[in-house]
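Q: Would you be able to build a 3D model of this:
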Amino acid sequence: MNRTWITRTAVAAVAALGLGIGITAAATAAPPTETPSPTPVASASVDAALAKELSYMREEERLARDLYLAIAELYPDNATAFTRIASSEQRHFESVGLLLTRYGLDDPAADAKAGTYADDGLTKLYADLLAKAKGSLTDAYGVGVTVEKTDIADLEEILDTSGLPADVKQVLSNLLAGSENHLATFTALAEGGTVGNADGTGMRNGRRWSDDSTTAGTGNRGNAGKGAGAATGQGYGRTGERPADCPLR
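A: Sure, this is the predicted structure:
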């Protein structure tokens, strides 16, 4: 797999607009207590290549969570997007952990501290991106854009592999849907938008993936959102019985 995490360390410059970036202040959450996968007891098996990809994805999701929580501490008055999306990344991290357990794979995140990873390249990347985020709030949103674009590229590459087990494909597809939602949010914020409330419209042509599950809800795309984006841009809020992957409000 082409490790885009390691090769893509430069963050694209994001132009700061005259619009103020308004986000309701939120208390930053302390880093969650690490809960490594239980001792692996395989109920199925995967080949060595896929095992390596799943282990790397476990760490990649953890990096995103750790980074967003650290950025939230840098900008406590504008922490909402980062803390909400960090919570989503925690669920992604746990979903991949369940796959590691199911296939009897060692957990690279066991006993690891935030910002340190089994892959030295990820440890360096975390430090580089956090340093970039310290430049300004706009830079921090730009880091979010880069993280999500990278995550999407890596997920799409794995999903293009033929013969993926159905459960792996489902979990990674759900992670991809969540990352696309996160990317839309960070992009809107970087361009001067604001985080909307629960009246935002559904994502992706009226379909809204429920949080890390196999259930897809029906969005309400016809209504104007009050969320991310200037004026009447689409929101990223709740439109069905279950919350979207990253309900920002």
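
Q: which secondary structure element contains the closest residue to residue 165 other than its chain neighbours?
A: Excluding the flanking residues, the one nearest residue 165 by C-beta to C-beta, 6 or more residues apart in numbering is residue 46, at 6.6 Å. C-beta here means a position set from N, CA and C on the backbone, and glycine is covered the same way. Under DSSP states H and E, no helix or strand contains residue 46.

Q: Can you find the helix or strand of the chain with the lowest average pLDDT?
A: strand 207-209 (a mean of 35; mean pLDDT, DSSP states H and E).

Q: For the residue nearest to residue 165, grab the count of nearby residues.
A: Neighbours of residue 46 under the rule other C-beta atoms under 10 Å: 20.

Q: and it, backbone torsions?
A: Per-residue torsions, residue 46: phi -130, psi 160 (degrees, to the nearest 10).

Q: who's in contact with it?
A: Counting by C-beta atoms under 8 Å, 6 or more residues apart in numbering, residue 46 makes contact with 54, 103, 105, 165, 168.

Q: Look up which helix or strand the first one falls in, please.
A: In the assignment (DSSP H and E), residue 54 maps to helix 48-74.

Q: between the helix or strand just after that helix and helix 48-74, how big is the angle?
A: Per DSSP H and E, helix 48-74 leads on to helix 80-102 as the next helix or strand towards the C-terminus. On the basis of axes from the mean of the first three to the mean of the last three C-alpha atoms, to 10 degrees, helix 80-102 is oriented at 150 degrees to helix 48-74.

Q: Remind me what helix 80-102 packs against, helices and strands.
A: helix 48-74, helix 137-159, helix 166-190 (3 or more C-beta pairs under 8 Å, 6 or more residues apart in numbering; DSSP states H and E).

Q: Could I get those in CSV, plus columns for mean neighbour count, mean pLDDT and distance to residue 111?
A: CSV is the format used below for these (neighbours: other C-beta atoms under 10 Å; pLDDT from 0 to 100; distance: least, C-beta to C-beta, whole Å):
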stretch, mean neighbour count, mean pLDDT, distance to residue 111
helix 48-74, 21, 97, 12
helix 137-159, 21, 97, 24
helix 166-190, 21, 97, 24
